[in-house]
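In: What would the 3D arrangement of this be:
(chains A and B)
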Amino acid sequence: MTPEALIASITLFVLSIFLGFELITKVPATLHTPLMSGANAISGISVVGALLGANVAYEGGQTLASGLLAFVALTLAMINVVGGFAVTNRMLSMIAGKKRGGA
Amino acid sequence: MDVAWMDLGYVLSAALFIFGLKKLGHPRTAPRGNAYGALGMLVAVLTTVGKMGLDGGIEWSLIVAGLVLGGGIGYIMAVRVEMTGMPEMVALFNGFGGAASALVALSETWRWLEDSTLIPSAGLELQVAVLAAGLSALVGWVTLTGSLLAMFKLKGGFKLFWAGPWIKTPTWGPSWLNGVKVLLVVAAFGFIGAQLGDPTNTSLLWAIIAISCLLGVILVLPIGGADMPVVVSLLNSLSGIAAAFTGFIIGNSVLIVAGSLVGASGLILTFIMCKAMNRTLANVLFTSFGGSEKESVTRTKVGSDPDEVAMMIDGAQKVIIVPGYGMAVSQCQHQVKEFADLLADKFDTEVKYAIHPVAGRMPGHMNVLLAEANVPYEQLIEMDEINSEFPDADVALVIGANDTTNPAARGDTGPLAGMPILDVDLARTIVIVKRSLSVGYAGVDNDLFYMDKTMMLFGDGKKMMTDLNNAIKES
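Out: Residues are numbered from 1 along each chain as shown, chains lettered A, B, ... in the order given. As a prediction, the model looks like this:
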């Protein structure tokens, strides 16, 4: 990794943190749980890293321990991602469905 | 075309996450926000698979197995979970997310052991990789064990070996434990530092993992009751940070962006919740709250029966319903809604719901439950707005709430001091549905129960509300 690439990554890191602070400053209490749950699903983004790990390990023609670790990571990340978005959707559909009925 | 251009997919994915989080903050756009987030994740996965395909081919077996197995389990869990089990589920998913990040870091480090040509060349590259892997492991494993313990605390306990006795999750935290936490963090950083000089030392690797797992447990162990939402939110933030660190190891921009977005937003939500309880984050994390020194209840109160309450409530002009965790446990939100409808039909009563910011075990917990029972959104009033209305209320009906209504919070001493509460005690008559006079999580006896104008309905929320509704129908 060149110093330039590292600086670029650190820049992304810091700016994204500021962006995250700004994005959700005022949120009604109703949405706190869905928001937490939705953000939680997004943190399953390590699925990308797990995919890369699960692929590389197989190149040697045999399943290496690192590949199996990535496979476990992939499974856990997918539970987090699919489960997280699905459960958030369930909560929101109740709240949103409610609002349509009230209008 | 250069494979590197495929990274534009990650830019699209990151943009979708940002839009998604933004829209999740507004009631009208929230479902779309969630959809954007899911779409962003799909784009990230497709981009990654596409890149791997162009860049030397894909070995599908582990990948397909992981995607299908994880996706299937996650979907089934999400569809099956009861609304009351939601907080535990979020905590569990959160732990899995942290573990996934930590495992990716471990897998990456393990490859160095298997093939020494993969070890990054000494210098900046090696330092960044080792440091990021160490931090990702530290934060990721803390998130896993902390979240698992939080899940069991939210459940209240666990069964030993699936069939054994029910063990109550302990809350324990003498003040010397804080010193241990600091020591563990320092030790973890020390080991990560040592790894910089010796990246293939497995003893260091296991030591960091062991320390992190232990740290997660003792961070959450002293925390109880009303503080659990704060901890789950903080752990959510940590799982994002872990993903961001993992992004540094594999040099992937979307992991860094998405991870830090979640880290920052989770932290903001954590502060919002701390503010609602008038406490600082440090106070929540380093002071054992409730659990250990509960006041024993010495006073008694004669319980009322539903018929009595039905008579008293006859003709009430204004009723404020105060739901708490007890409503969630007994799943009586539909009976509560029926009660409100009965009053509105029979006496043209104005019914409102007072929502304390930390009622239940998650922020917004009550809103989700009441929404499930089709309670109109406009009737759910937040604490600051409803408090001025309690003196006008003929009846305040408290269902399974305790600490959030305890007048002791107005005093200067005790665990509850300074916590904003609902001014239920100002209502003309108070009806409390509760299983017993026992103290809440804060361990403080509640004066509200013993006031002359208070009627206690001792029993399960669902049964009591059903009986009360029947009594009103018959009167």
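
In: Which residues are in contact with residue B:468?
Out: Counting by Cβ atoms under 8 Å, 6 or more residues apart in numbering or on different chains, residue B:468 touches B:306, B:309-310, B:339, B:457. Just so you know, the C-beta spots here come from the backbone N, C-alpha and C atoms, and that holds for glycine as well.

In: what about the closest residue to residue B:276 other than its chain neighbours, which helix or strand?
Out: For residue B:276, ignoring the flanking residues on the chain, the nearest one in space by Cβ to Cβ, 6 or more residues apart in numbering or on different chains is residue B:357 at 3.5 Å. Using DSSP states H and E, residue B:357 is not contained in any helix or strand.

In: swap in the one 4 residues further on?
Out: In this structure, residue B:361 is located outside every helix and strand according to DSSP H and E.

In: That one touches residue B:156, doesn't it?
Out: No. Look at residue B:361 against residue B:156 with Cβ atoms under 8 Å: they stay out of range, at 10.0 Å.

In: tell me the phi and psi of the closest residue to residue B:90 other than its chain neighbours?
Out: Ranked by Cβ to Cβ, 6+ apart and with sequence neighbours excluded, the top spatial neighbour of residue B:90 is residue A:37, at 5.0 Å. The phi/psi pair for residue A:37 (degrees, to the nearest 10) reads phi -70, psi -40.

In: which ones are touching residue A:37?
Out: A:84, A:87-88, A:91, B:86, B:90, B:93.

In: hmm, 10 Å instead?
Out: A:83-92, B:24, B:34, B:78, B:86-87, B:89-90, B:93-94, B:236, B:362 (Cβ atoms under 10 Å, 6 or more residues apart in numbering or on different chains).

In: Can you flag which of these belong to helices?
Out: A:84-92, B:24, B:34, B:78, B:86-87, B:89-90, B:93-94, B:236 (DSSP state H).

In: hmm, which of those residues are the buried ones?
Out: Buried members of these, scored by 16 or more other Cβ atoms under 10 Å in any protein chain shown, are A:84-92, B:24, B:34, B:78, B:86-87, B:89-90, B:93-94, B:236.

In: Now the strand or helix carrying residue B:43: buried residues?
Out: Following DSSP H and E, one finds residue B:43 within helix B:30-54. Neighbour-count burial for helix B:30-54 flags B:30-41, B:43-45, B:47-49, B:51-52 (criterion: 16+ other Cβ under 10 Å).

In: ditto for stretch B:145-162
Out: B:145-154.

In: wait, which of those residues is closest to residue B:196?
Out: Distance to residue B:196, by Cβ to Cβ, is smallest for residue B:145 among these, at 25.3 Å.

In: Confirm that the closest one lies within a strand, as I assumed.
Out: No. Remark: residue B:145 does not belong to a strand; assigned using DSSP: H, G, I helix; E, B strand; the rest coil, it is helix.

In: remind me which residues of chain A are low pLDDT?
Out: Low-confidence segments of chain A (pLDDT under 70): A:29, A:56-63, A:96-103.

In: Tell me where it has helices.
Out: So, for chain A - with DSSP H - the helices run A:3-23, A:32-42, A:47-56, A:65-78, A:84-102.

In: and the helix or strand hosting residue B:71 with helix A:65-78, angle?
Out: Element membership for residue B:71, per DSSP H and E: helix B:60-80. Relative orientation of helix B:60-80 and helix A:65-78, computed by axes from the mean of the first three to the mean of the last three Cα atoms, to 10 degrees: 30 degrees.

In: Now helix B:60-80: average pLDDT?
Out: For helix B:60-80, mean pLDDT is 92.

In: measure residue B:324 to residue B:434 for me?
Out: 9 Å (Cβ to Cβ, to the nearest Å).
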